[in-house]
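Peer 1: Predicted model follows, preceded by the sequence.
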Amino acid sequence: MIATVLGCAGRWWWIWELLDHPRPQYCLLLLPALLLGSLRRQRWSLIWIIPLLLNLGLVSPLFLPTNQTAAGLETTLRLLNVTLDHDYPDRTEQAIAYIDRQTADLVWLLEVTPASLVQLRSELKHYQLVAAEPRENSHGSALLLSHRSASAIAVQSTQVIHLPATSERPMLEAIITWADHAIALLSFQTTRPRNAETSEFQQIEFVAGAAWSRQHLQQGRAVVMMGDFNTTPWSSRFRQLLQDSQLLNSQRGFGLQPTWNAHWSPLLRIAIDHCLHSPSFTVQNRTIGTPLGSDHLPLQVDLRLH
């Protein structure tokens, strides 16, 4: 109960901000406590209803369907986000085999190193490399285009940007044309909040990411931000990002879909990998992939323009 309440005050202290993330786990603890207290006829245990309802109020919207209509183009744009493990380059082969089995149109890769980039170039069979910015640390990324989708998707430009401009983390931006629509894509990977300084900088990254989104929306492009946001969809920081960026959360209507930590029990995982999209898209499907050796699970989203 204490963690539930303090998690709502995360803007005042970074430790409390971290308590905002395991809300599904809080529900799993509070519900049996409430039931046990009821069986023992302990009236004071009814107090657990307050934090339980608060957590459910933040988590349950992910299970509610959106009001978007499904009318629009019959074809969908399938995006796949895969995080490699820069500390274990020998696991790249497992990720490559997984990607080649998929039918995604575009694939974002995170934690791409110079060594794994060599493997991607030589071993991928059904995808071509569009852009890459490898790094020895976890900041590297790459964009792949399916061979079968090359005729339908025209990559107009790609570039490395920094959000904010002072950030050392490179992010890949791609402008594509698909179904006669211009779409701005961004591989968005933010700082992990390990202390007060990194937590504050993550907030700055969210502000910069929201500004990037608004800029492209004002230029008449559809927008998709996808990657490792290092925050959960029910956190106040994430909800503010949705409002400021004028984007929608693709997870709405598809439940929890936790992606981290892939090495843990599913009951302990949380959702920190996301896909945000402009209102011009409808989410047709959203799924989580199987473990690939990394601590993140793959995320696949099918978008349809309407």
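Peer 2: That came through fine.

Peer 1: Now do the same contact list for residue 196.
Peer 2: By CB atoms under 8 Å, 6 or more residues apart in numbering, residue 196 lies in contact with residue 14. Where C-beta positions appear, they are placed from N, C-alpha and C, glycine not excepted.

Peer 1: do the same with residue 235
Peer 2: Per CB under 8 Å, 6+ apart, neighbours of residue 235: 10, 17, 20, 21.

Peer 1: Would you mind measuring from it to residue 245?
Peer 2: Per CB to CB, to the nearest Å, residue 235 is found 15 Å from residue 245.

Peer 1: Output the longest helix belonging to this structure.
Peer 2: helix 196-218 (DSSP state H).

Peer 1: Which strands and helices lie in contact with the helix or strand just after it?
Peer 2: For helix 196-218, the following helix or strand on the C-terminal side (DSSP states H and E) is strand 222-228. Contact analysis of strand 222-228 by 3 or more CB pairs under 8 Å, 6 or more residues apart in numbering; DSSP states H and E lists strand 77-83, strand 106-110, strand 181-187, helix 196-218, strand 273-277, strand 299-305 as its packing neighbours.

Peer 1: One more pass at 7 Å, please.
Peer 2: Judged by 3 or more CB pairs under 7 Å, 6 or more residues apart in numbering; DSSP states H and E, the packing partners of strand 222-228 are strand 77-83, strand 106-110, strand 181-187, helix 196-218, strand 273-277.

Peer 1: Distance from the chain centre to whichever helix or strand comes after it, please.
Peer 2: As assigned by DSSP H and E, the chain's next helix or strand after strand 222-228 is helix 236-245. Distance, stretch centre to chain centre, for helix 236-245: 13 Å (CA atoms, centre = their mean, to the nearest Å).

Peer 1: List the neighbours of helix 236-245 that are in contact with it.
Peer 2: Taking contacts as CB atoms under 7 Å, 6 or more residues apart in numbering, the residues outside helix 236-245 that touch it are 10-11, 17, 20, 203, 206, 209-210, 213-214, 229, 231-232, 249, 276.

Peer 1: Tell me the buried residues within these.
Peer 2: Among those, those classed as buried by 16 or more other CB atoms under 10 Å are 10, 17, 20, 203, 206, 209-210, 213, 229, 231-232, 249, 276.

Peer 1: from those, which is closest to residue 150?
Peer 2: residue 276 (25.6 Å; CB to CB).

Peer 1: The residue nearest to the closest one when sequence neighbours are not counted: how many residues sit nearby?
Peer 2: Nearest residue to residue 276 in three dimensions, chain neighbours excluded: residue 247, at 4.0 Å (CB to CB, 6 or more residues apart in numbering). The local packing of residue 247 (other CB atoms under 10 Å) involves 24 other residues.

Peer 1: Now for residue 247: which residues touch it?
Peer 2: Going by CB under 7 Å, 6+ apart, residue 247 touches 213, 223, 225, 276, 277, 278.

Peer 1: what's around the last one, how many residues?
Peer 2: By that I understand residue 278. Residue 278: 21 surrounding residues under other CB under 10 Å.

Peer 1: JSON lines for the contacts of residue 235, including pLDDT and secondary structure?
Peer 2: As requested, these are exported to JSON lines (pLDDT from 0 to 100; DSSP: H, G, I helix; E, B strand; the rest coil):
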{"residue": "10", "pLDDT": "87", "secondary structure": "coil"}
{"residue": "17", "pLDDT": "94", "secondary structure": "helix"}
{"residue": "20", "pLDDT": "95", "secondary structure": "coil"}
{"residue": "21", "pLDDT": "96", "secondary structure": "coil"}
